[in-house]
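Participant: sequence first, then the predicted structure, then my questions.
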Amino acid sequence: MPNVYAIALGSNRPHGRYGAPAKVIAAALEALRERGITIRRVAPTFATAPLGPSERRFANSAALIETPLAPPALLSLLKETERAFGRRRGRRWGARVLDIDIILWSGGAWHDRRLAIPHRQLAHRAFVLDPLACIAGDWRIPGTALRVRHLRARLEKAA
């Protein structure tokens, strides 16, 4: 039985081959498709302000994907994809060509030294919740009675 994941994608640096950040996200999804990942739904791309020291605005989106891969194997594939797009380890919250995070998993919660599902900062990140609510608003957050749309509404109310 395939696993379903919600992933978040972000970019705030153009790529020499793919162009502007929104096009980087589209190219990254195509690269995942070429690696055997089924793309079920893709959210619109949102232009968002950066966190931390970066001055460049981000393009952010989310996707629902399907794969037989377990969370650690998917994480490895996503990190390989980031590197293939020129991602280098560097300053936290700095400019980046591509960032892909696993946000939710149909198997519920997952925690090990490299990965936490649901993503630890999910409830605090509008740039993740806005696109995710477009494609998975009713997805229940493991360990809570809340859905993605509830987290988004709480964050909006707090702002």
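Facilitator: In hand now; what should we look at?
Participant: remind me what the helix or strand of the chain with the lowest mean pLDDT packs against, helices and strands.
Facilitator: The helix or strand of the chain with the lowest confidence, counting by mean pLDDT, DSSP states H and E, is strand 46-48 at a mean of 89. Here strand 46-48 touches strand 58-67, helix 126-136, going by 3 or more CB pairs under 8 Å, 6 or more residues apart in numbering; DSSP states H and E. C-beta: built from backbone N, CA, C; applies to glycine.
Participant: what lies in contact with that strand?
Facilitator: Strand 46-48 has contacts (CB atoms under 8 Å, 6 or more residues apart in numbering) with R57, F58, A59, N60, S61, A126, F127, D130, P131.
Participant: residue ranges with poor pLDDT in this structure?
Facilitator: 51-55, 87-95 (pLDDT under 70).
Participant: all strands of this structure, in order?
Facilitator: Along the chain, the segments classed as strands by DSSP state E run 3-11, 38-42, 46-48, 58-67, 99-105, 110-111, 116-117.
Participant: so what strands line up beside the longest one?
Facilitator: The partner list of strand 58-67 in its sheet, established with DSSP bridges, is strand 3-11 (antiparallel), strand 38-42 (antiparallel), strand 46-48 (antiparallel).
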